[in-house]
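[1] take a look and give me a structure for this.
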Amino acid sequence: MNQLDALLKTTTKVLVVCLGNTCRSPAGEAFIRKFARDAFDPATFSEITIESAGLSDEFTRAQPQSIAMVYEMEGESLTAHRSRMITRDMADYFDLILIMERYMADEILHRFPGVENLAGKLWTLKEACSGAVLQGAVANVVDPYMTPDPYYRGILAEIRDLCRCFVNRWAAAIAL
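    Below is the predicted model of the structure:
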């Protein structure tokens, strides 16, 4: 069992983080929640917490494109989403923190020194799917903010597929 699968075996609290908590992380939260609801029995799912946050607090809501496209893709609503910034309490509370870009790990570690095992909790969404530590841009999910709909939709489809892959890996780890 690799390091990620060992972590997933006991994970019940997942935080998804992007820059502004308006595009990628709200979509990731919604997709993970949907796929976890499908993958886990109701009793297990009721014990799971899935949330999202950002590194910045410049925004208040999910982007309209994310709201429309997440609903179109998987029927999950982001209309009630309120953007928020990651805090020390969140970094401490969550078992796993899924980040959209590799640099975010360094930023979170810098902001919250002393949080127990924080480095071990930080995985990019792509790493959480593959189970391997990835280097450079290959680990990142690019930010679709302010891009045309076809490009934005492609990024959200990538996030959806990575979230499905992650939840399958998570469910398999818990079943071991």
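[2] could I get the CA-only coordinates of stretch 115-123 as PDB?
    Output of stretch 115-123 as PDB, limited to C-alpha atoms (Å, rounded to 0.1, in the frame of the first residue of the first chain):
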ATOM      1  CA  VAL A 115       0.200  22.000  11.700                       C
ATOM      2  CA  GLU A 116       0.800  18.300  12.400                       C
ATOM      3  CA  ASN A 117       1.500  16.200   9.300                       C
ATOM      4  CA  LEU A 118       0.400  19.100   7.000                       C
ATOM      5  CA  ALA A 119       2.900  18.100   4.200                       C
ATOM      6  CA  GLY A 120       1.500  14.600   4.200                       C
ATOM      7  CA  LYS A 121      -2.100  15.800   3.800                       C
ATOM      8  CA  LEU A 122      -1.300  17.900   0.600                       C
ATOM      9  CA  TRP A 123      -1.800  16.200  -2.700                       C
END
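[3] what's it in contact with?
    Stretch 115-123 is contacted from outside by 3-4, 7, 88, 91-92, 94-99, 104-105, 108-109, 112, using C-beta atoms under 8 Å, 6 or more residues apart in numbering. No exception for glycine: its C-beta is placed from N, CA and C like everyone else's.
[4] what about the residues you listed, which are in strands?
    96-99 (DSSP state E).
[5] could I have the buried ones of these as PyMOL selection syntax?
    In PyMOL, the members of the ones in strands among the contacts of stretch 115-123 classed as buried (16 or more other C-beta atoms under 10 Å) are selected with the following command:
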select buried, resi 96+97+98+99
